[in-house]
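1. Next come a sequence and a model predicted from it.
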Amino acid sequence: MLYQLQNIVRHIAQTEVMPRFLNTPAYRKADGSVLSDADLAAQTAFAAALPLIIDCPMLGEEMPPALQSALWEQHAFSDGLWVVDPIDGTNNFVNGLPHFAVSVAYIENGRAKLGVIYNPVSGECFAAERSKGAFLNGTPLPLRLAEKKLNEAIAGVEIKYLRSGKLSSRMSTLAPFGTLRSMGSSTLDWCYLASGRYDVYVHGGQKLWDYAAGALIFEEAGGCLATLEGDEFWSGKHIFKRSVVAALEPKLFERWLKWIRDNQ
């Protein structure tokens, strides 16, 4: 099934997304985020293709919030649910920045069981099946795992979404890591963590479609994760907006999580 899913994701990205790159109208949704015709075309294509792998409903980012909630409540713990972000990084996409991805996860019993994230610009396809490992174009993840001190770490940080003013301020002025990256695609952030390109990560509030595939890929690569609130990551009520604190290497995770907790 994972092989089939990778083929479908690659195909839809190449036929529905990339032909519209640098050539698509953009709109503002009610929440202020950006939507393009490519998002809608890809989401429609996935709705037709995914039931051929597992016949269950699909929850897409561009669906109305009430429908998203109903789909989650009715199917995520029963007959399964596909969760799709047709383009993660739409702002990058419509502005011509070549850093975006297509993300698909299959959810069963409230947790991701299959996940694929594909960067159609680089051709990198990250994939995982629960308890069977994570891979980049067939190569096991992580690609590298170097022990680092926290002050040497490359950090993925989305300061904009950190709810605590104290934490966001200290992240800007007193952060313990070596250097910061904020590139506008949460799904690729997860993949860069899983592959060892990033060392630590924090985000104040990702949507379900931002983390469903990525968190699975990261976990299957051996990564450690929690939330800002301290929950076990997949538990809790806040399904549609979940914070994350993560690191690939366990000792680094302990030091990073302690600094976050001490500075919230």
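-> It's in. Numbering: from 1, shown residues only.
2. who's in contact with the residue positioned nearest the centre of the chain?
-> For the chain, the residue sitting closest to the mean C-alpha position, by Cα atoms, centre = their mean, is T187 at 2.8 Å. With contact set as Cβ atoms under 8 Å, 6 or more residues apart in numbering, T187 has these partners: D85, D88, G89, A101, S103, I117, D210, A213, G214. In short, each C-beta sits where N, CA and C put it, glycine included.
3. Tell me which entries of those residues lie within strands.
-> Judged by DSSP state E, the contacts of T187 include D85, D88, A101, S103, I117 as members of strands.
4. Just the C-alpha atoms of stretch 9-23, please, in CSV.
-> Coordinates of the C-alpha atoms in stretch 9-23 are reproduced here as CSV (Å, rounded to 0.1, in the frame of the first residue of the first chain):
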residue,chain,number,x,y,z
VAL,A,9,1.3,11.2,-4.7
ARG,A,10,4.0,11.6,-7.3
HIS,A,11,1.5,11.3,-10.2
ILE,A,12,-0.9,13.9,-8.8
ALA,A,13,2.0,16.3,-7.9
GLN,A,14,3.4,16.1,-11.4
THR,A,15,0.0,16.3,-13.3
GLU,A,16,-2.0,18.7,-11.1
VAL,A,17,0.5,20.8,-9.1
MET,A,18,3.7,21.4,-11.1
PRO,A,19,2.0,22.5,-14.3
ARG,A,20,0.4,25.3,-12.3
PHE,A,21,3.6,26.4,-10.6
LEU,A,22,4.4,30.0,-11.5
ASN,A,23,1.1,30.0,-13.4
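5. How far away from the center of its chain is that stretch?
-> Stretch 9-23 sits 19 Å away from the centroid of its parent chain (Cα atoms, centre = their mean, to the nearest Å).
6. List the buried residues for that stretch?
-> Residues V9, R10, I12, A13, E16, V17, R20, F21 are the ones in stretch 9-23 that count as buried (16 or more other Cβ atoms under 10 Å).
7. again with stretch 74-93
-> 75-76, 80-90, 92-93.
8. same deal with stretch 157-172?
-> Buried residues in stretch 157-172 (16+ other Cβ under 10 Å): V157, E158, I159, L162, L167, S168, R170, M171.
9. Just name the closest of those to G230, please.
-> Comparing the buried residues of stretch 157-172 against G230 with Cβ to Cβ places L167 closest, at 13.8 Å.
10. and A42, that one's in a helix?
-> Yes - with DSSP: H, G, I helix; E, B strand; the rest coil as the criterion, A42 is part of a helix.
11. I'd say it and V17 touch.
-> Yes - under the criterion of Cβ atoms under 8 Å, A42 makes contact with V17 at 5.4 Å.
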